[in-house]
Structure formats: C-alpha cells, structure tokens
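Engineer: Next input, structure requested:
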Amino acid sequence: MRGRFTLTPELRVLAERFSVSPTPTADYNPRFNIAPTQPVIVIGLDGERYMKTMKWGLIPIWAKDPSIGNRMINARVETIAEKPSFCDALKKRRCLIPADGFYEWQKLGKVKQSVRIVLKSREPFGLAGLWDSWTSPAKEEVLSCTIITTEANDLMQEIHDRMPVILNRDVENRWLDPKLNDPAVLLGMLKPYPSELMEYYNVSKEVNSPNHDGADCIMPLRDN
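Structural biologist: Okay, here's the model as predicted:
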C-alpha cells in the first residue's frame, strides 16, 4: 500500500463502525485517493474513543522542521520498537487510521497496473498507526501520523512484498489502550491480515495522480 488509500463511507457509517461520535471537530468527506502529507481521519482512545484529523506523515516531537514527515508515512513493524522516531509512540501514542481500501501498483512485465485492495465484505477497517504532536516555531501544534506496514500475506505477494497492518476488530481496543505499553505484546498484534478475507481488482491509472480524488478512482477497470 504504503502510498495511497481510500475512505469512502458516510461519516455516520464510519462513526458507528469505530464507536465514536460523529462530531464537527472531525473534518470529514469521503475520499477516493488519499495521498501522503494530506489530512487523514484518526481514531484514538483517551477515556473514550475520539476522532481527529491529522497529517499523514509523522513528525516526531523532537524534529527540527516538519519536512521529516514526508519520509515518515510508513513505519516498518520490524523496526518500530527500536527506531527513535517510533519507539516512544509505540508505547504511548497508538491509533487506528480508518480505510476501506488501499492502492498498490502490480508489475506486469514492463507495465505497472494500478489495483485497489479491499476486504471481501467491503467493510471499512482500521489500519494500525502511530501519532505524534509537534510544535512549530510559531507555537502551532501539528498532529501527524504514520501507518505501520508488515510483510505481505499470500494475496498481497502477487502484487507487492509489503502491506499495511489491518487490525482484527477484536484487538482494536487493546491496541488503543494507553495502559498497555509492553512492546512485545503490541508487536504480537501486528500480523498480516488473512488473505482469504481480502481481494483486489484493477483500477484506472487516474489514481497515479494524487491530485485526482474522484469516485472514478475506485471503479473496476473494464476490459476493452
């Protein structure tokens, strides 16, 4: 995935799925081609679940300038417990990043075909994420996040060797629980999602442009 995803349900559906109140503080519109550095919806837990908007591309609290976030859109599960950019967030600042699909580019000979990967149920799901708060020189708070990736499952290996961590619904509360800070337990939740619950289909090359965010991005590509 790593670079693009979708979140197309209505806010009411999304709020019900993730057990949050659809508050006006969450600036939400259905999105068909979410790209790095853009605002994304994040689900966290602070007494109760909340929904916030954050920038995609994690800016650590100690960063000298925000440009580092451009390189922090993903965090590899194999190294998040050791890397300074992620290890503290793994213990203290975990989140879910809602999605209902993500894009990848499958190499077919000399051609790269854009594909969209979804759950067979077409339900929205929670990507495992980390977040941080950075203060600009002008004393403005910037909330940002990153998506954790893992090795590809059997389905994704047909397309790419990595995939985002899709959390099972039964571990979402534990992942968000601020009282849980054991890296070994947390890392144990970050597994490739079952192949048999996923599928993919070809989509238009329109998704190649981060400036294109229309509903045609998710339409199956018809054979000529």
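
Engineer: Strands along this structure, start to end?
Structural biologist: 5-7, 31-34, 39-46, 48-56, 74-76, 94-99, 101-108, 111-119, 125-135, 141-151, 162-164, 198-202 (DSSP state E).

Engineer: Tabulate those strands (CSV), appending distance to residue 19 and mean pLDDT.
Structural biologist: Every C-beta, even on glycine, is put in place using the N, C-alpha and C of the backbone. Formatted as CSV, the entries for those read as follows, by distance: least, CB to CB, whole Å; pLDDT from 0 to 100:
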stretch, distance to residue 19, mean pLDDT
strand 5-7, 17, 98
strand 31-34, 21, 97
strand 39-46, 9, 95
strand 48-56, 5, 94
strand 74-76, 25, 97
strand 94-99, 11, 98
strand 101-108, 21, 94
strand 111-119, 18, 95
strand 125-135, 11, 97
strand 141-151, 19, 97
strand 162-164, 21, 97
strand 198-202, 23, 97
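
Engineer: Give me whichever of these is most buried.
Structural biologist: strand 94-99 (a mean of 24; mean count of other CB atoms under 10 Å).

Engineer: just checking, what packs against that one?
Structural biologist: Of the remaining helices and strands, those touching strand 94-99 by 3 or more CB pairs under 8 Å, 6 or more residues apart in numbering; DSSP states H and E are strand 5-7, strand 39-46, strand 125-135, strand 141-151, helix 172-176.
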